[in-house]
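**Q** okay, sequence plus prediction incoming.
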Number of protein chains: 2
Amino acid sequence: MPRTGIVLFAHGARDPGWAGPLRAIAARIREASPGLRVELAFLEFMAPSLADAVAAMTTDGFDRITLVPLFLAQGGHLKKDLPVLLADIRARHPGVDIRVTPAIGDAPELVSAIAQWALRQHGDA
Amino acid sequence: MPRTGIVLFAHGARDPGWAGPLRAIAARIREASPGLRVELAFLEFMAPSLADAVAAMTTDGFDRITLVPLFLAQGGHLKKDLPVLLADIRARHPGVDIRVTPAIGDAPELVSAIAQWALRQHGDA
């Protein structure tokens, strides 16, 4: 039985408050699925790095990780930076199955949710 | 009767494909509200700029704009860059009422939608 968890991978920012909504997403996942390990990891400016987050879960015996890029769209960070990071991480942890999901804006249900919310904001404004 | 529209304000990226999901959000809003003017604008790398998008709508007679920042969270771009841009835009177009919505991650319903989607991705992976 594999031990599975989620890593929410976000860009990071200099402003420490930037991570608040990301932590809220992680907390919401844990509420919906108590006991599921959910970690945040950042590309830059914030800790932990993706490598450190995966290493910590590997040490704790996790062998399948769903990596959810919390990016609106696929640009250089997901197309170029992430594959380089992942190649290194997979080489260090060959026993860990890491599966990368689409970006937020590649999920039709999230495109709809954001569009509906924007429209409500316009109506309520 | 004010002419109202929406500007979706996003970061922009060097990769031209990055804007695809943003265009999908704009298209989804237009589908849900036919006839509503919805424009994209970018902080950097892509055109039009926020100033150009607002100027074009002002020229077309729009006098109320809902500015929706398509950013996951509030960092320096929304806390520092956007207010500077807006001060300049408002000084140029004093008759236009521009209202800024929260960021995506500040909307509890979108935090929930993203969390549920991430959890489904994990389950389906």
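**A** Received, thanks.
**Q** hey, let's count contacts and neighbours off CA atoms from now on
**A** OK.
**Q** does A:Ala103 touch A:Ala73 like I think?
**A** Yes - the pair A:Ala103 and A:Ala73 passes the contact test of CA atoms under 8 Å, sitting 5.6 Å apart.
**Q** so for these two, which residue has more residues nearby?
**A** Ranked by neighbour count (other CA atoms under 10 Å in any protein chain shown), A:Ala103 and A:Ala73 place A:Ala73 first, with 23 against 18.
**Q** just the pLDDT for the more buried one.
**A** Here, the pLDDT recorded for A:Ala73 equals 96.
**Q** mind listing the helices for chain A?
**A** Along chain A, the stretches classed as helices by DSSP state H are A:20-32, A:50-59, A:76, A:82-92, A:108-124.
**Q** next, format the ones you listed as JSON lines and append mean neighbour count, mean pLDDT and distance to B:Ala47.
**A** Output for the helices of chain A, formatted as JSON lines (neighbours: other CA atoms under 10 Å in any protein chain shown; pLDDT from 0 to 100; distance: least, CA to CA, whole Å):
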{"stretch": "helix A:20-32", "mean neighbour count": "19", "mean pLDDT": "97", "distance to B:Ala47": "28"}
{"stretch": "helix A:50-59", "mean neighbour count": "18", "mean pLDDT": "97", "distance to B:Ala47": "32"}
{"stretch": "helix A:76", "mean neighbour count": "14", "mean pLDDT": "94", "distance to B:Ala47": "18"}
{"stretch": "helix A:82-92", "mean neighbour count": "13", "mean pLDDT": "98", "distance to B:Ala47": "26"}
{"stretch": "helix A:108-124", "mean neighbour count": "18", "mean pLDDT": "95", "distance to B:Ala47": "21"}
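**Q** dump these to JSON lines, plus distance to B:Gln116.
**A** Listed next are the helices of chain A as JSON lines, based on distance: least, CA to CA, whole Å:
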{"stretch": "helix A:20-32", "distance to B:Gln116": "7"}
{"stretch": "helix A:50-59", "distance to B:Gln116": "22"}
{"stretch": "helix A:76", "distance to B:Gln116": "26"}
{"stretch": "helix A:82-92", "distance to B:Gln116": "23"}
{"stretch": "helix A:108-124", "distance to B:Gln116": "10"}
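**Q** fine, thanks again, bye for now.
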